[in-house]
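Asks: predicted coordinates and the sequence they were generated for:
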Amino acid sequence: MAVLIQRVEQGSPAARAGVRSGDTLLSVNGHPINDVLDYRFYCTERKVALVLLRDGAPYQAEIRKGEYADLGLEFETYLMDKQHACKNKCIFCFVDQMPPGMRETLYFKDDDSRLSFLFGNYITLTNLSDADIQRIIQMHISPVNISVHTTDPQLRVQMMKNPHAAESLRYIRRLTEAGIRVNSQLVLCPGYNDGAALERTLSDLGALYPNLQSIACVPVGLTRWREGLTPLTPYTKEQALQTIESIQHFQQRMLAQHGERVAYPSDELFLCAEQPIPDAAYYGEFDQLENGVGLIALLRQEFLDALQLDDGGDAQSDVTVITGVAAAPLLRELAGLVMARYPMVRVEVHAIANHFLGETITVAGLVTGQDIVAQMQGRRVGAQVLLPGVMLRHEQDRLLDDMTVEQLEQALGAPVLPVENDGFQLYDAMIGRLPASTQRPNL
């Protein structure tokens, strides 16, 4: 596939070789380039031969560089072709539960194996062919994050509404047997893939250890926008407890055999069951933070470490922390520790119920600006508002409902500081010591 070069970085190896913006890349070291993975894989060598087009005429560029050094080329899109959309119709799909009238990107269903490697996105494997799997193995793209949900072929077809959902399960074994590390995700729906089905899935995936390195067990998220979709119910406390018990039985077997738990309930599952979140040591290498597995434990441990390492001195602040319902109890606990140490520090934590998507959605990352503004009406706001960075899109400028940070600041009457999920940064923000350079972290 011919790929148009949009920009050549000044002083880069490609620029020194005479490559220009507007040229078209045809091949690298004799290999045609189909996407960013081909480009990255074949450009790692110290000597790189490019075949390009300029004004319709082919030419070659020989480049010598450091191993793995970037050539300095930028293309029209990051992936160098179109992003692969999901072909499934999963009964639990969160995108299908989004309200109308939101920005277009929120309705795109991603199922792109390249983004799994580059950014940690989860894929279902139903988009892939045997040739795609072979390319992953050849390039040793690892880890790969896979949405498994169940290893029962018929149940997987039923839940994902895709006939390829069954046959694509074989790719998991093929990848792990080839040395590719896999993180897996199970979105658990009561009455579907929990109970005996969950026990089967855990057993099947556990047999692929150690390259099947982690399993996240996440309860289904249900918004109020489910008209016309498969009827599903949220987990009850009792169902959550039973599910945690099944996972813990599996953990005990894996600990005895391999010294690793491998499978983990998400933080949300513990909260639903009204069980304490385990300590940070429980989560090993924290392989599943993006799935909400161990986020609370890690934040708490980092915050306590920051408190212990604080060498004292004066601290004075008056901040309001805004968060989702799930994280509010922990943040109130941490705020209490800070205020007990520093009498001139005042931290108020406000939990925002999710009226926009439905109150069963309790995570901070799905809180909207309009819910914040409505629920903070009449409440005291400190000199600064601390906002979880996950509430904002990647550019850190807008919330889920497109309210800008500036609009939120105007509505609240105080500056808003996004804070990433980092206990040390949260500690510094609460006591007023956060450096100016972190005022708008790029999470």
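Replies: That came in fine, so what should we check first?
Asks: which stretches in the stretch 101-250 of the chain count as strands?
Replies: Along the stretch 101-250 of the chain, the segments classed as strands by DSSP state E, counting those that start in this stretch run 144-147, 182-188, 212-219.
Asks: any chance of TSV for the ones you listed, columns mean pLDDT?
Replies: Supplementary listing: the strands of the stretch 101-250 of the chain in TSV, determined by pLDDT from 0 to 100:
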stretch	mean pLDDT
strand 144-147	93
strand 182-188	97
strand 212-219	97
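Asks: now these as JSON lines including distance to Trp225?
Replies: To be clear about C-beta, it is placed using only N, CA and C from the backbone, and glycine gets the same treatment. Below are these laid out as JSON lines (distance: least, Cβ to Cβ, whole Å):
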{"stretch": "strand 144-147", "distance to Trp225": "21"}
{"stretch": "strand 182-188", "distance to Trp225": "17"}
{"stretch": "strand 212-219", "distance to Trp225": "18"}
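Asks: which is the succeeding secondary structure element to whichever strand or helix holds Ile322?
Replies: Per DSSP states H and E, Ile322 falls inside strand 317-324. Following the chain from strand 317-324 toward its C-terminal end, the next helix or strand by DSSP H and E is helix 328-341.
Asks: kindly export that next one (C-alpha atoms) in CSV.
Replies: The C-alpha coordinates for helix 328-341 follow below in CSV (Å, rounded to 0.1, in the frame of the first residue of the first chain):
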residue,chain,number,x,y,z
ALA,A,328,-15.5,9.0,46.9
PRO,A,329,-15.1,6.9,50.2
LEU,A,330,-11.4,6.4,49.5
LEU,A,331,-10.8,10.0,48.7
ARG,A,332,-12.6,11.1,51.9
GLU,A,333,-10.3,8.7,53.8
LEU,A,334,-7.2,10.2,52.3
ALA,A,335,-8.4,13.7,52.7
GLY,A,336,-8.9,13.0,56.4
LEU,A,337,-5.3,11.8,56.7
VAL,A,338,-4.0,15.0,55.2
MET,A,339,-6.1,17.3,57.3
ALA,A,340,-5.1,15.5,60.4
ARG,A,341,-1.5,16.2,59.6
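Asks: circling back to that earlier point, and the strand holding Ile322, how far from the chain's centre?
Replies: Relative to its chain's centre, strand 317-324 lies at 24 Å (Cα atoms, centre = their mean, to the nearest Å).
Asks: for it, buried residues please.
Replies: Of the residues in strand 317-324, those with enough neighbours to count as buried (16 or more other Cβ atoms under 10 Å) are 317-324.
Asks: what packs against that strand?
Replies: Using 3 or more Cβ pairs under 8 Å, 6 or more residues apart in numbering; DSSP states H and E as the contact test, the elements touching strand 317-324 are helix 328-341, strand 345-352, strand 384-388, helix 423-430.
Asks: so what touches it?
Replies: 331, 335, 344-352, 354, 362-367, 372, 376, 380-388, 414, 429-432 (Cβ atoms under 8 Å, 6 or more residues apart in numbering).
Asks: ok, 7 Å please
Replies: Strand 317-324 is contacted from outside by 331, 335, 345-352, 362-364, 367, 372, 381-388, 430-432, using Cβ atoms under 7 Å, 6 or more residues apart in numbering.
Asks: what strands line up against that strand, and which way round?
Replies: Using DSSP bridges, strand 317-324 pairs in its sheet with strand 345-352 (parallel), strand 384-388 (parallel).
Asks: state the mean pLDDT of that strand.
Replies: For strand 317-324, the mean pLDDT works out to 97.
Asks: closest to Asp130 out of the helices and strands packed on strand 317-324?
Replies: strand 384-388 (41.9 Å; Cβ to Cβ).
Asks: could you dump the strands of the stretch 101-250 of the chain to TSV with mean neighbour count?
Replies: Compiled in TSV, the strands of the stretch 101-250 of the chain are given as follows (neighbours: other Cβ atoms under 10 Å):
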stretch	mean neighbour count
strand 144-147	23
strand 182-188	24
strand 212-219	25
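Asks: just checking, Gly294 touches Tyr283?
Replies: Yes. Contact status for Gly294 versus Tyr283: in contact at 3.7 Å, counting by Cβ atoms under 7 Å.
Asks: more neighbours: which of those two?
Replies: The neighbour comparison of Gly294 against Tyr283 (other Cβ atoms under 10 Å) goes to Gly294, with 25 against 21.
Asks: that one and Ile215, how far apart?
Replies: With the distance defined as Cβ to Cβ, to the nearest Å, Gly294 ends up 13 Å from Ile215.
Asks: next: Gly423.
Replies: As for Gly423, its distance to Ile215 is 25 Å (criterion: Cβ to Cβ).
Asks: now swap in Gly56 and tell me
Replies: When distances are taken as Cβ to Cβ, Gly56 and Ile215 turn out to be 53 Å apart.
Asks: same deal with Ala327?
Replies: To Ile215, Ala327 is 23 Å away according to Cβ to Cβ.
Asks: ok, now Pro13?
Replies: If you measure Pro13 against Ile215 using Cβ to Cβ, the figure is 42 Å.
Asks: one more: Thr320?
Replies: Noted for Thr320: a distance of 38 Å to Ile215, by Cβ to Cβ.
Asks: now Ser27
Replies: 40 Å.
Asks: phi first, then psi, for the residue of the chain most remote from its centre.
Replies: Outermost residue of the chain with respect to the C-alpha centroid, by Cα atoms, centre = their mean, is Ala57; its distance is 43.4 Å. Backbone torsions of Ala57, given as degrees, to the nearest 10, read phi -110, psi 130.
Asks: likewise for the one 10 residues further on?
Replies: Dihedral angles phi and psi of Glu67 (degrees, to the nearest 10) take the values phi -60, psi 130.
Asks: which residues touch it?
Replies: Each residue near Glu67 by Cβ under 7 Å, 6+ apart is listed here: 44-46.
Asks: cool, Phe286 as well?
Replies: With contact set as Cβ under 7 Å, 6+ apart, Phe286 has these partners: 294, 298.
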